[in-house]
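Peer 1: Sequence and predicted structure, then a few things I'm wondering about:
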Amino acid sequence: MTHPVVLTLNAGSSSLKFGLYAIDGAPVEMAMGLIEAIGRQPRLKAEFGGAAPAVTRDLAAAEAADHASALDTALGLLRAQFPQAQATAVGHRVVHGGPGFDAPVVVDDAVMAELKRLSPFAPLHQPHNIAGIEAAQAAFPDALQVACFDTAFHRRHPKVNDVFALPREYYDKGVRRYGFHGLSYDYISGELGRIAPLLHDGRVIVAHLGNGASMCALQNGRSIASTMGFTALDGLPMGTRTGQIDPGVIFYLVQQEGLSIDEVRQLFYTKSGLLGLSGLSNDMRTLEAAGTQEANEAIDYFVFRIRRELGGLAAALGGLDALVFCGGIGENSRLIRERVCEGMGWLGIELDRGRNTENATVISTDLSRARILVIPTNEELVIARAAKGFLDAAV
Ligand code: AMP
């Protein structure tokens with residue numbers, strides 16, 4: 001007997017995250033795994049809920065030489081654990097949906113052509129997402145392939161927050177503020193609707209603080225502004241990315257320092273942010289423990305930019321009813337949450353240090369005008385739900 005399931009895939013530049021969901025009712029996670037350092041020294045981590053012990057092991061190079069072989073390895077593992085499971089749909093995280101996609105779609109030939117056309121907008125990620133879809137099509141020719149976009153949640157931004165002050169022809173060519181982390185914000189918006197419906201209908205800022213970091217202003221549960229722009233480089237400083245930077249720096253680096261455009265790209269994406277400023281690590285835990293002047297300055301800059309964006313997004317919303325932290329840093333770092341909220345009484349938020357230390361869901365004081373919450377995000381579940389939705393609609 002076979003058991004229908006949804007597989008979720010999130011293909012990064014050198015990683016593949018995979019999830020398996022039971023879909024008898026609302027999707028329920030059965031397994032979650034990650035293969036990192038594909039094409040280098042690959043490593044696998046996977047958890048199977050209560051069904052089997054977690055696995056962590058180095059892989060042979062051939063087991064994850066590229067995304068297709070990494071998917072084979074992941075599927076081999078899942079088939080061994082869940083021999084009855086049969087993927088009836090595969091949900092994919094796709095970084096860029098361009099101006100057109102404002103919701104998940106079933107991938108057909110026309111959609112695939114459009115995803116390829118959008119590749120130049122996200123050359124570091126989109127080709128891997130497409131490779132993931134093609135590998136899944138080959139592995140599961142009868143399954144629905146569903147694309148879920150990081151940009152879609154932001155596609156209804158007001159025009160003023162969708163344009164750059166460039167000649168209009170560039171807007172028409174797609175040079176717009178797209179915003180990213182949309183699957184995470186979609187999840188948080190849904191969770192707020194479930195646990196605090198009044199807040200969901202109000203003015204909310206979500207700070208997704210992980211290795212990638214951005215913030216989003218939600219009004220009535222919908223995104224009206226975000227700190228990321230044309231690419232996932234804008235806004236907050238990140239593990240290795242600059243965040244917002246004066247574009248004049250690029251001209252200087254190219255014209256005076258002699259860097260090529262590829263070298264500038266490498267510098268901005270992989271050597272900057274917390275890593276660049278600290279000279280030590282992109283990892284917040286390491287920086288918090290280090291206590292060196294450089295590590296502290298990196299943390300100071302991270303916190304300063306979050307606080308600046310908090311003010312800016314609150315102005316865009318016309319006030320604030322709730323601030324939500326999520327992502328690896330937002331969900332776990334008491335220090336960062338405390339420092340972000342320090343002296344923010346003017347914005348109506350007051351942190352309860354005890355609740356913050358306990359990692360409670362609500363970490364504001366009872367008297368705080370706006371609530372402060374910590375909500376663990378779950379992008380994979382948003383993908384699984386979208387895939388299940390298409391399966392239900394097809395019945
Ligand atoms: P993500 O990309 O969402 O997985 O988040 C990764 C980031 O979360 C890294 O910078 C980690 O150091 C950070 N992180 C995870 N746990 C903690 C913690 N307990 N304290 C501080 N930072 C943490």
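Peer 2: That came through fine.
Peer 1: going forward, measure contacts between C-alpha atoms and count neighbours the same way
Peer 2: Fine.
Peer 1: Contact residues of the protein facing the ligand?
Peer 2: Within reach of the ligand by CA under 6 Å from any ligand atom, the chain has these residues: 210-212, 283-285, 327-329, 332-333.
Peer 1: Selection in PyMOL covering whichever of those residues are buried, please.
Peer 2: With 16 or more other CA atoms under 10 Å as the criterion, this PyMOL line picks the buried residues out of the residues of the chain next to the ligand:
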select buried, resi 210+211+212+283+284+327+328+329+332+333
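Peer 1: and which of the residues of the chain next to the ligand is nearest Pro158?
Peer 2: Among the residues of the chain next to the ligand, Gly212 lies closest to Pro158 (CA to CA), at 24.4 Å.
Peer 1: My guess is that closest one contacts Gly243. True?
Peer 2: No: contact criterion CA atoms under 8 Å: Gly212 and Gly243 do not qualify, at 9.6 Å.
Peer 1: Which ones among the residues of the chain next to the ligand map onto helices?
Peer 2: Of the residues of the chain next to the ligand, the ones assigned to helices by DSSP state H are 284-285, 327-329, 332.
Peer 1: Which two among those are spaced furthest apart?
Peer 2: Spatial extent of these (CA to CA) is set by the pair Arg285 and Gly327 at 13.4 Å.
Peer 1: So which bits of the longest helix seen in the chain are buried?
Peer 2: Longest helix in the chain by number of residues (criterion: DSSP H): helix 293-317. Buried positions in helix 293-317, judged by neighbour count with 16+ other CA under 10 Å: 294-299, 301-303, 305-307, 309-310, 313-314, 316-317.
Peer 1: Kindly report the same for stretch 144-163.
Peer 2: 144-157, 161-163.
Peer 1: In contact with Gly348, which residues?
Peer 2: 320, 368-370 (CA atoms under 8 Å, 6 or more residues apart in numbering).
Peer 1: Might you name the residue of the stretch 51-200 of the chain sitting closest to the ligand?
Peer 2: Ser184 (10.2 Å; CA to the nearest ligand atom).
Peer 1: So that residue sits against Thr377, correct?
Peer 2: Yes: contact criterion CA under 8 Å: Ser184 and Thr377 qualify, at 5.9 Å.
Peer 1: All the strands of the protein, residue numbers only.
Peer 2: Along the chain, the segments classed as strands by DSSP state E run 3-11, 16-22, 28-36, 43-47, 55-58, 85-94, 105-106, 144-149, 203-209, 213-219, 222-226, 322-326, 371-374.
Peer 1: Switch those over to TSV; also include mean pLDDT and distance to Leu233.
Peer 2: Shown next, in TSV, are the strands of the chain (pLDDT from 0 to 100; distance: least, CA to CA, whole Å):
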stretch	mean pLDDT	distance to Leu233
strand 3-11	95	18
strand 16-22	97	21
strand 28-36	97	22
strand 43-47	97	27
strand 55-58	96	31
strand 85-94	97	17
strand 105-106	98	26
strand 144-149	98	17
strand 203-209	98	14
strand 213-219	98	9
strand 222-226	98	12
strand 322-326	98	19
strand 371-374	98	25
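Peer 1: Relative to Arg117, which of those is closest?
Peer 2: Using CA to CA, those put strand 85-94 closest to Arg117, at 13.3 Å.
Peer 1: Sheet partners, orientation included, of that closest one?
Peer 2: strand 3-11 (parallel), strand 144-149 (parallel) (DSSP bridges).
Peer 1: what does it contact?
Peer 2: Contacts to strand 85-94, defined as CA under 8 Å, 6+ apart, come from residues 2-11, 79, 126, 129-130, 132-133, 136, 140, 142-150, 383-384, 386-388, 391.
Peer 1: now the residues you listed: which count as buried?
Peer 2: 4-11, 126, 129-130, 132-133, 136, 140, 143-150, 383-384, 386-388, 391.
Peer 1: Give the residue spans of the stretch 201-350 of the chain that score low on pLDDT.
Peer 2: Applying pLDDT under 70 to the stretch 201-350 of the chain flags no residue at all.
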